[in-house]
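Trainee: Coordinates for the following, if possible.
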Amino acid sequence: MSQRIKYIISELKDQYTIEDGNRPWIIGFSGGKDSTALLQLVWCALKELDSEQLVRDIFVICNDTLVENPIVVNYVDKVLTKIQQSATEQGLPVKVQKTIPRLEDSFWVNVVGRGYPVPNNAFRWCTDKMKIKPTARFITEQVAENGEAIILIGTRSAESQQRAKSIKKHEIRGKRLTKHPHHVNTFVYSPIKELMLEEVWFIINTVSSPWGSDNSELFQIYADASADDYECPTMVADKNHTSCGQSRFGCWTCTVVKEDKSMSALISNGNEWMKPLLSLRENMVNQRNVSENRLPYRRNGQKAVTDDGHNLGTYAPHYKAKLLEEILQAQKELQETNEEINLINNQEMVAIQVIWNRDLNFEYKVSDIYNRVYNKELDMETIDQKLEKEITLLKSVCSEDLKDYNLIQELLTLQKNKALLNRKLGLKDDMERVIEKYLKAI
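Mentor: Predicted coordinates:
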């Protein structure tokens, strides 16, 4: 197995020193076993090169969806800090970059604000908004600056038949690099694609972390997150190192999978403070397709009702308000254990209020819900006061003609929403559609 590792390191050295204009390497780093093993091997390869050969930049990119498993987030943040510090101390051209979704693409802004039903296999809107777009923006910037870029991924054929087919589909026989299926002038390099699970754990458990992390902490996270039906029989180093690597970590809010086995196992193995997360996730799953929680139309106005009268549109205002209260209640419970945990941030809550206003949903206020849960004042009072003054002024100008009032209010909140979310593109078209709808109703 050690010879196999040496071969991969040798290949990495060869590829790094190829004269190709020093196209930057971009390594997708999740902090999991595969990306950790990949980065360790790349690091080892760099350490075997002379300083004058270290001319190619390597970007370690970590995407935070803002709804990641808190245990993993805490671990990854510590690791990223050590990676950057050690790279600087060791004189390596490694730079850490963390990406997050834009405010308008965050999970809670879309679910609680816009009323998108939580994702399932038929409507999996989250992956593109929260994972693909943030990383794609960084890749695009690097390609624009350097002409081309190479993405190193820790994908392995042994992970699943689907992964194996995907790797085989895009690979070019006899070549290490393959063209990226979606990004122009971007190539993909998969150095560890042939490694088995046991070999990945062998690297993590026997090769000391070159940036000074304690890999046993990563191993323990996987071990704690391994549910009863995952097998961990294979010895990879010694009696203390079993191969508990089948656990999957991702967003704790993920409703695409039927059951979050990793989080359930973590709770069973001593992390009982995470129970509010599991409970909230289960509630979102159970309440997703309740007709009373949904509107009979989608955000684009398209009718969404089944033949038997079941609503399939966006979430209704009362359910969005109820869900926000459940999120804040869960957050409050978690903060009793760790006050730094935030399930939803202030920017998201402000954005949610703006979207509710735009949708003419004035019955529920984010500040009222927050104050009810926390029994204290959220700093949104000035927003509410200003809104009330605008409503009073508009109503007095429009006299008794509520249609005019609704039109002006909708146009104003539309502009505010675009401005807050830094998304002014398409504002003119949106305003024209609102006015056209108004004229048709006359």
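Trainee: CA atoms for contacts and neighbours, from now on please.
Mentor: Noted.
Trainee: where does the stretch 301-442 of the chain have low pLDDT?
Mentor: Within the stretch 301-442 of the chain, the segments meeting pLDDT under 70 span 378-403, 405, 409-410, 412-427, 429-430, 442.
Trainee: for the stretch 51-200 of the chain, same thing?
Mentor: Ranges of the stretch 51-200 of the chain meeting pLDDT under 70: 158-174.
Trainee: cutoff 50 now
Mentor: Judged by pLDDT under 50, the stretch 51-200 of the chain has its weakly predicted residues at 160-161, 163-164, 166-174.
Trainee: Which parts of it are helices?
Mentor: Per DSSP state H, counting those that start in this stretch, the stretch 51-200 of the chain carries helices over the ranges 70-89, 107-108, 126, 133-146, 161-170, 197-206.
Trainee: outside of the shortest one, which residues touch it?
Mentor: Taking contacts as C-alpha atoms under 8 Å, 6 or more residues apart in numbering, the residues outside helix 126 that touch it are Phe107, Pro119.
Trainee: Centre of the chain to it, how far?
Mentor: 8 Å (C-alpha atoms, centre = their mean, to the nearest Å).
Trainee: same deal with the first one?
Mentor: Helix 70-89 has its average C-alpha position 18 Å from the chain's average C-alpha position, going by C-alpha atoms, centre = their mean.
Trainee: Isn't Thr155 up against Glu194?
Mentor: No. With contacts counted by C-alpha atoms under 8 Å, Thr155 stays clear of Glu194, the gap being 9.1 Å.
Trainee: Just name the most buried of the helices of the stretch 51-200 of the chain.
Mentor: Counting by mean count of other C-alpha atoms under 10 Å, helix 107-108 has the highest mean neighbour count of those, with a mean of 25.
Trainee: Packing partners of that one?
Mentor: Contacting helix 107-108 under the criterion 3 or more C-alpha pairs under 8 Å, 6 or more residues apart in numbering; DSSP states H and E is no other helix or strand.
Trainee: Just list whatever residues bridge to Phe123.
Mentor: Note on Phe123: beta-bridge partners Asn120, judged by DSSP bridges.
Trainee: count of neighbours near it?
Mentor: When neighbours are defined as other C-alpha atoms under 10 Å, Phe123 has 11 of them.
Trainee: again with the one 5 residues further on
Mentor: The criterion is other C-alpha under 10 Å. On that basis, Asp128 has 13 neighbouring residues.
Trainee: cool, and Leu66?
Mentor: 20.
Trainee: what about it, distance to Leu343?
Mentor: 8 Å (C-alpha to C-alpha, to the nearest Å).
Trainee: so which of the helices of the stretch 51-200 of the chain comes closest to His182?
Mentor: Closest approach to His182 among the helices of the stretch 51-200 of the chain (C-alpha to C-alpha): helix 133-146, 9.3 Å.
Trainee: For the closest one, name the packing helices and strands.
Mentor: Helices and strands touching helix 133-146, as assessed by 3+ C-alpha pairs under 8 Å, 6+ apart, comprise strand 58-63, strand 149-152.
Trainee: Figure out which of those strands is closest to Lys437.
Mentor: Of all the helices and strands packed on helix 133-146, it is strand 58-63 that lies closest to Lys437, at 39.9 Å by C-alpha to C-alpha.
Trainee: Can you give the strand pairings for that closest one, parallel or anti for each?
Mentor: Partners of strand 58-63, by DSSP bridges, with direction: strand 25-28 (parallel), strand 94-99 (parallel).
Trainee: Show me this protein divided up by domain.
Mentor: Domains of the chain are assigned by automatic domain parsing as 2-213, 350-442.
Trainee: which of these is buried the deepest?
Mentor: domain 2-213 (a mean of 17).
Trainee: what about that one, start to end distance?
Mentor: 21 Å.
Trainee: Okay, and Lys437 sits in which element?
Mentor: Element membership for Lys437, per DSSP states H and E: helix 427-441.
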